[in-house]
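Student: Model the structure of this input:
(chains A, B and C)
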Amino acid sequence: MSKHELNPEQEIAATHVEGPLLVLAGAGSGKTRVVTHRIVRLIDLGVLPSDILAVTFTNKAAEEMRSRIRAMKNAQVLACTFHSLGARILRESIGLLGYKPDFAIYDEEDSEKLLKKCLEQLQLNGDKGLLKELRGQISKAKNNGQSPDGVADRQLAQVYGIYQQALQDCNAVDFDDLLYLTVKLLQESEEARYLYQHRWNFVLIDEYQDTNHTQYTLAKILVAKHGNIFAVGDPDQSIYSWRGARYENILNFERDFPGAKVVILDQNYRSTNNILQASNALITHNPNRYEKKLWSASGDGEKIGLFIAQSERQEAEFVAHRIIKLSCDDHLSLNDVAIFYRTNAQSRTFEDALLSRRIDYKIIGGVSFYARREIKDILAYLRLLISDTDLISFLRTINIPRRGMGPSALEKIVDGAQAKKMPILTFCQEYGDSLKLNTKQQSGLSGYLRAINTLRNKLSSLKLHELITEVISETHYLDYLKEDPETEQDRKENIDELVGKAAEWEEEKEEPSLQTFLEELTLRSNAEEKVDLPTVKLMTLHNSKGLEFTAVFFGGLEEDLCPHINSKDDEDAIEEERRLCYVGITRARKYLYLTASTFRFMWGTLRAMRPSRFLKEIPSQFLQNLSPGSMTKTIRREEPEEFSDEVQEGFSSGDRVYHQQFGSGTVEKAYSSSFGLTYDVYFPQARTTRTLAAKFAKLTAE
DNA sequence: ACCAGGCTTCTTTTT
DNA sequence: GAAGCCTGGT
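Tutor: Next comes the predicted model:
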């Protein structure tokens, strides 16, 4: 097939105009092309670009779609995530729900702090686990469209209600509210419903299998008047149930939208047959599944490399070594190579191996730039320039830099404001002098308020990046950073970067405002990448969705890691882990390497690991075993110290031993591993058995 | 109010 | 093995 033609099924989908259509698009089946072609054709038919709404799952996908359409048609359609769509609607119409339109958006950290305050108020703060538990349950309720009155559990209903009121008092919404309140608004206000049901006549929803109930309701309301919904997805790639996603939504599409057409795209244009068939074999192990088999017209290609290492380091060394080989022998650019893993914590070992070989790499996702403490400090000050009510930003900044404000002083302020039912900053301004604070606190508070006022006066006259510079100087933030010389340099650089990004951002935007800037930063987990050096991309499996690479390394394929230990004993969760693994594998075009290690450091101790069940579910005909054990002995000899089974004097089963960290224990098993003499020791105090290598763990007889 | 040091718990995954 | 929480000393 030529690059510019579509196959018959793709053609049907791309030329669809009115009515509901579901595209079941298997991995690598040319989904993105179909979607962009269809939008371009709509525009060719005379549909106004402003009539089209495309909702994607990530910012990255939205950007990609925008730029493709711009390239083909020079037209601007609204392509955004569900969350930013919600933010957009709420900015216009949240007044109907009693919030002010300049509401702040709280990220997870902010909302957790607020919830913690609520729990303190209810004197429920004793239990540490409770906060996490309730946070999860409130989020779940919102994603299921339940109001505080609508949840069955009495305690949850109470806390949820108080939390929701606290958010409103701060004039803030959390991530889930962006969806939940939008739906609430559309359900309760006929005016709003009319407005948004007529705003977009063609609605496209990507990754439909990952919509949660609230997103699904939102989609249904938006298209209720015209039924022009174009949904794209693949039930086998549903990997966000932990965030409330229901892949049933995609299976129920025909029921929910009567008269819907369904197009199945099952020809894969991405991967070689070895990779594709391996992925088919794997996903077939999911019993509850809408049957679908991808096929490909391309050749078998290379077999999938399998490497079972003896240590994390060896696993990473193998990957780094292979990357060099691929780039030399096959002239692959580093941009064509990716390393996937289940948990963020795994990235470190790979980084070390790449660093030591001077292979450039970039981590996609991971700890967000905007989540760094120093960045959030500055952003909190910026928020307070817009809002008097933002309690969380106030609490964050009031003692940064130090103004002698400890818990007791803050209690006075917060309680006072609450008693007077005043916004926190207004209260400080009007009653700050009558709070019986000591002199240091008194002058600290007035200095703080003065700084905010000074900055507010400059709000309209300064450019955004200048304003940020002013915040830094007005608050003497750099002096504060000096208190910790260890981190000072890093944090300073990050702040410079923030100023730079702000300057860049306001150049690009037609109407740059502080509010939109803050909103975009909150809804954008990681900064967009600048195009520079070719780099190997490191990311979690979740982050890999929607991407493709010529060569993929998939690490840590071990039981309890992938599938993750938290999915144990839950068949649905195991199926989702399998889909996650499927997503990872189907990202690869030509080369795929699956790696695992028999030992791994977890939670600070060495643990023996077993190969993932998923490896066994891939028929061996597609695999080539490259593991040290199955290779020639020359390679084995490269690392003699790690593989020697030298006899040591040691303990045997039943011996009582003492470990500096874990205390007293009993040896359950003594055996030889790649680390030499190894023990499984049971520690009664922690009620766990740990695997300890004799040469690392200093065990003494008790 | 602040700090240092010890204790626990923790890890999925993201907007 | 890190980050956050609590505690006790200043």
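Student: Low-confidence bits of chain A, can you list those?
Tutor: Along chain A, segments meeting pLDDT under 70 span A:1-4, A:125-128, A:525-531, A:630-649, A:659-662, A:671-677, A:684-693, A:695-698.
Student: what's next to the host helix or strand of A:Leu449, contact-wise?
Tutor: According to DSSP states H and E, A:Leu449 maps onto helix A:439-458. The contact list for helix A:439-458 (C-beta atoms under 8 Å, 6 or more residues apart in numbering) reads A:381, A:384-385, A:397-398, A:402-405, A:409, A:425, A:428-429, A:432-433, A:437, A:467, A:470-471, A:474-475. Where C-beta positions appear, they are placed from N, C-alpha and C, glycine not excepted.
Student: quick one, the helix or strand that comes right after that helix and helix A:439-458 angle?
Tutor: Going down the chain from helix A:439-458, the next helix or strand is helix A:464-474, by DSSP H and E. In terms of direction (axes from the mean of the first three to the mean of the last three C-alpha atoms, to 10 degrees), helix A:464-474 departs from helix A:439-458 by 160 degrees.
Student: so what secondary structure elements neighbour helix A:464-474?
Tutor: helix A:373-386, helix A:439-458, helix A:485-508, helix A:514-523 (3 or more C-beta pairs under 8 Å, 6 or more residues apart in numbering; DSSP states H and E).
Student: for the first one, packing partners?
Tutor: Put plainly, it is helix A:373-386. By 3+ C-beta pairs under 8 Å, 6+ apart, helix A:373-386 packs against helix A:391-397, helix A:439-458, helix A:464-474, helix A:477-482, helix A:485-508, helix A:514-523.
Student: among these, which is nearest A:His226?
Tutor: Proximity to A:His226 (C-beta to C-beta) singles out helix A:514-523 among the helices and strands packed on helix A:373-386, at 27.6 Å.
Student: and that closest one, anywhere near DNA strand B?
Tutor: Yes - residues of helix A:514-523 are located near DNA strand B by C-beta under 7 Å from any atom of the strand, namely A:Leu523.
Student: Figure out how far whichever helix or strand comes after that helix is from the centre of its chain.
Tutor: Using DSSP H and E, the helix or strand that follows helix A:514-523 towards the C-terminus is strand A:536-540. Chain-centre distance of strand A:536-540: 13 Å, with C-alpha atoms, centre = their mean, to the nearest Å.
Student: Which SSE is immediately downstream of strand A:536-540?
Tutor: Following strand A:536-540 toward the C-terminus (DSSP H and E): helix A:541-544.
Student: Next, see if that next one gets close to DNA strand B.
Tutor: Yes - legend: contact between helix A:541-544 and DNA strand B by C-beta under 7 Å from any atom of the strand is shown at A:542-543.
Student: Report the strands that pair with the helix or strand just after that helix, each with its relative direction.
Tutor: With elements assigned by DSSP H and E, the helix or strand that comes after helix A:541-544 is strand A:549-554. Strand pairing for strand A:549-554, using DSSP bridges, gives strand A:337-341 (parallel), strand A:588-597 (parallel).
Student: what would these look like in TSV with mean neighbour count and distance to A:Arg88?
Tutor: As requested, the strands paired with strand A:549-554 are exported to TSV (neighbours: other C-beta atoms under 10 Å; distance: least, C-beta to C-beta, whole Å):
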stretch	mean neighbour count	distance to A:Arg88
strand A:337-341	26	32
strand A:588-597	25	36
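Student: A:Asp484: neighbour count?
Tutor: Look at A:Asp484: counted by other C-beta atoms under 10 Å, it has 9 neighbours.
Student: Next: A:Lys325.
Tutor: Look at A:Lys325: counted by other C-beta under 10 Å, it has 11 neighbours.
Student: Report the entries of the contacts of helix A:439-458 that also contact DNA strand B.
Tutor: The subset of the contacts of helix A:439-458 within reach of DNA strand B, by C-beta under 7 Å from any atom of the strand, is A:402-405, A:409.
Student: follow-up on the earlier one: can I get the helices and strands packed on helix A:464-474 in a markdown table with mean neighbour count?
Tutor: Output for these, formatted as a markdown table (neighbours: other C-beta atoms under 10 Å):
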| stretch | mean neighbour count |
| --- | --- |
| helix A:373-386 | 21 |
| helix A:439-458 | 16 |
| helix A:485-508 | 15 |
| helix A:514-523 | 19 |
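Student: In TSV, list those helices along with distance to DNA strand C.
Tutor: Output for the helices and strands packed on helix A:464-474, formatted as TSV (distance: least, C-beta to the nearest atom of the strand, whole Å):
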stretch	distance to DNA strand C
helix A:373-386	8
helix A:439-458	15
helix A:485-508	10
helix A:514-523	18
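Student: Now tabulate those helices in JSON lines and tack on distance to A:Leu195.
Tutor: Supplementary listing: the helices and strands packed on helix A:464-474 in JSON lines, determined by distance: least, C-beta to C-beta, whole Å:
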{"stretch": "helix A:373-386", "distance to A:Leu195": "25"}
{"stretch": "helix A:439-458", "distance to A:Leu195": "32"}
{"stretch": "helix A:485-508", "distance to A:Leu195": "28"}
{"stretch": "helix A:514-523", "distance to A:Leu195": "20"}
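Student: Please name whichever of the ones you listed is nearest to A:Asp51.
Tutor: helix A:514-523 (23.2 Å).
Student: Which residues does the closest one contact?
Tutor: Contacts for helix A:514-523 (C-beta under 8 Å, 6+ apart): A:59, A:81, A:83-84, A:87, A:102, A:104-107, A:370, A:379, A:382-383, A:385-386, A:459, A:464, A:467, A:502, A:505-506, A:509.
Student: how far does that helix sit from the chain's center?
Tutor: 18 Å.
Student: what's the angle between it and helix A:464-474?
Tutor: Put simply, helix A:514-523 runs at 80 degrees to helix A:464-474, going by the same axes, to 10 degrees.
Student: Pull the number of nearby residues for the residue in chain A positioned nearest to DNA strand C.
Tutor: In chain A, the residue found nearest to DNA strand C is A:Gly604; the distance is 2.1 Å by C-beta to the nearest atom of the strand. Residues lying near A:Gly604 (other C-beta under 10 Å) number 6.
Student: which ones are touching the closest residue to DNA strand B within the stretch 151-300 of chain A?
Tutor: Distances between the stretch 151-300 of chain A and DNA strand B by C-beta to the nearest atom of the strand are smallest at A:Trp242, namely 3.6 Å. By C-beta under 8 Å, 6+ apart, A:Trp242 lies in contact with A:Glu576.
Student: likewise A:Glu108?
Tutor: By C-beta under 8 Å, 6+ apart, the contact list for A:Glu108 reads A:174-175.
Student: Kindly recompute the last result at 10 Å.
Tutor: A:Glu108 makes contacts with A:135, A:139, A:174-176, A:371, as judged by C-beta atoms under 10 Å, 6 or more residues apart in numbering.
Student: same check, this time on A:Thr32
Tutor: A:25, A:61, A:64-65, A:68, A:206, A:232, A:546.
Student: Tell me the helices and strands packed up against the host helix or strand of A:Gly161.
Tutor: Taking DSSP H and E as the criterion, A:Gly161 maps to helix A:154-169. Helices and strands in packing contact with helix A:154-169 are listed as helix A:108-121, helix A:128-143, strand A:172-174, helix A:175-188, helix A:391-397; criterion 3 or more C-beta pairs under 10 Å, 6 or more residues apart in numbering; DSSP states H and E.
Student: could you give the angle of it to helix A:175-188?
Tutor: Relative orientation of helix A:154-169 versus helix A:175-188 (the same axes, to 10 degrees): 90 degrees.
Student: What's the end-to-end length of stretch A:22-42?
Tutor: Distance across stretch A:22-42, first residue to last, is 17 Å (C-alpha to C-alpha, to the nearest Å).
Student: Give me the buried positions along that stretch.
Tutor: Residues A:22-40, A:42 are the ones in stretch A:22-42 that count as buried (16 or more other C-beta atoms under 10 Å).
Student: now swap in stretch A:554-572 and tell me
Tutor: A:554-564, A:567.
Student: Where do the strands of the stretch 601-702 of chain A begin and end?
Tutor: Ranges of strands within the stretch 601-702 of chain A are A:605-608, A:623-625, A:656-659, A:663-673, A:676-683, A:688-693, A:699-701, based on DSSP state E, counting those that start in this stretch.
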